[in-house]
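Participant: sequence and predicted structure are below.
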Amino acid sequence: MKILVVEDEHRIARAIKEGLEQESYVVDITYDGEDGYAAARVDEYDLILLDVMLPTMNGYEVCKRLRDDNVHTPILMLTAKDQSWDIVAGLDNGADDYLAKPFSFEVLLARIRALLRRPHDTVGEILCVDDLTLNPKTKEVARAGRHISLSMKEYALLEYLMRNQGNVLSKNNIITHVWDFDANILPNTVEVFIAYLRAKIDKPFEERELIQTVRGFGYKIGIQ
């Protein structure tokens with residue numbers, strides 16, 4: 001899952017990025033409102049963490065402009081302001097949730113999980129494709145009841161595939177969601193990581209391969 005952090009305090013932004021990456025999220029950072037707005041318009045994110053007090057354009061305006069542009073990415077606003085009218089202003093401008101600083105990282109993670117659940121899961125947090133399961137909260141992956149150990153990047157790739165079960169995802173789609181925009185990605189990087197996943201997800205379960213190549217288009221996960 002890919003998250004955009006728009007936060008002008010560099011220390012806080014880097015701390016959030018490092019913490020989220022430890023949880024297998026892909027994270028981009030911008031440090032002012034104009035850059036945050038531009039990034040959210042150009043790239044595709046699963047969630048935006050948006051500070052209110054930003055240079056060039058405040059968070060309320062960024063949020064309003066994105067909603068006016070029909071960008072419906074969930075937005076969690078972060079701010080030192082916690083007065084009722086500040087919360088109302090954020091929500092009225094299109095934010096989905098509001099978290100006042102200072103906050104614990106555990107609470108931030110819980111809010112992120114709650115927002116990411118809304119468009120995807122209707123029966124709980126566990127993602128399932130046939131006998132393959134992934135728990136976004138615990139990061140546990142299993143197939144046919146057997147635990148599967150994945151690297152953080154393998155996990156991020158598998159979660160993206162599973163959240164888009166049955167959909168064909170191009171290499172560009174995958175790179176956009178699984179690597180941040182500062183990463184130096186070679187043309188065959190996606191193929192390499194798909195091969196890593198297949199070795200762990202499919203090879204030990206040869207009776208049913210779940211990760212499929214759609215030649216000329218990309219990859220998808222599901223039962224053939």
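Facilitator: Structure received. Numbers count the residues shown, from 1 in each chain.

Participant: break the protein into its domains for me.
Facilitator: Following the assignment in automatic domain parsing, the chain carries domains at 2-120, 127-221.

Participant: can you redo these as CSV with mean pLDDT and mean neighbour count?
Facilitator: Every C-beta, even on glycine, is put in place using the N, C-alpha and C of the backbone. Output for the domains of the chain, formatted as CSV (pLDDT from 0 to 100; neighbours: other CB atoms under 10 Å):
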stretch, mean pLDDT, mean neighbour count
domain 2-120, 89, 17
domain 127-221, 90, 16
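
Participant: got a list of contacts for the top helix by length along the chain?
Facilitator: The residue-count maximum for a helix in the chain (DSSP state H) belongs to helix 105-120. By CB atoms under 8 Å, 6 or more residues apart in numbering, the residues outside helix 105-120 that reach it are 1, 3, 16, 19-20, 23, 25, 46-47, 49, 74, 76, 96-97, 99, 125, 127, 136-137, 163.

Participant: just the ones of those in helices?
Facilitator: Counted as lying in helices by DSSP H, out of the contacts of helix 105-120, are 16, 19-20, 163.

Participant: then Glu61 would be within a helix, right?
Facilitator: Yes - counting by DSSP: H, G, I helix; E, B strand; the rest coil, Glu61 is part of a helix.

Participant: that one contacts Asp32, correct?
Facilitator: No - Glu61 is beyond contact range of Asp32, at 11.8 Å (criterion: CB atoms under 8 Å).

Participant: so how far is stretch 165-181 off the chain centroid?
Facilitator: 11 Å (CA atoms, centre = their mean, to the nearest Å).

Participant: that one spans what distance, first to last residue?
Facilitator: 24 Å (CA to CA, to the nearest Å).

Participant: contacts for it, please.
Facilitator: 1-2, 26-28, 43-44, 46, 129, 153, 156-157, 160-161, 185, 189-191, 193, 214, 217-222.

Participant: got it, and stretch 204-224?
Facilitator: The contact list for stretch 204-224 (CB under 8 Å, 6+ apart) reads 129-132, 143-144, 146, 158, 161-162, 164-171, 173-174, 190, 194, 197-198, 201-202.

Participant: in strands, which of those residues appear?
Facilitator: If you go by DSSP state E, the contacts of stretch 204-224 have 129, 132, 143, 146 in strands.

Participant: make CSV out of these and add distance to Leu66.
Facilitator: Below are the ones in strands among the contacts of stretch 204-224 laid out as CSV (distance: CB to CB, whole Å):
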residue, distance to Leu66
Val129, 31
Leu132, 34
Arg143, 38
Arg146, 42
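
Participant: and those residues, which two are the farthest apart?
Facilitator: Pairwise distances across the ones in strands among the contacts of stretch 204-224 (CB to CB) peak at 14.9 Å, for the pair Val129 and Arg146.

Participant: show the contacting residues for Asp68.
Facilitator: Applying CB under 8 Å, 6+ apart, no residues qualify as near Asp68.
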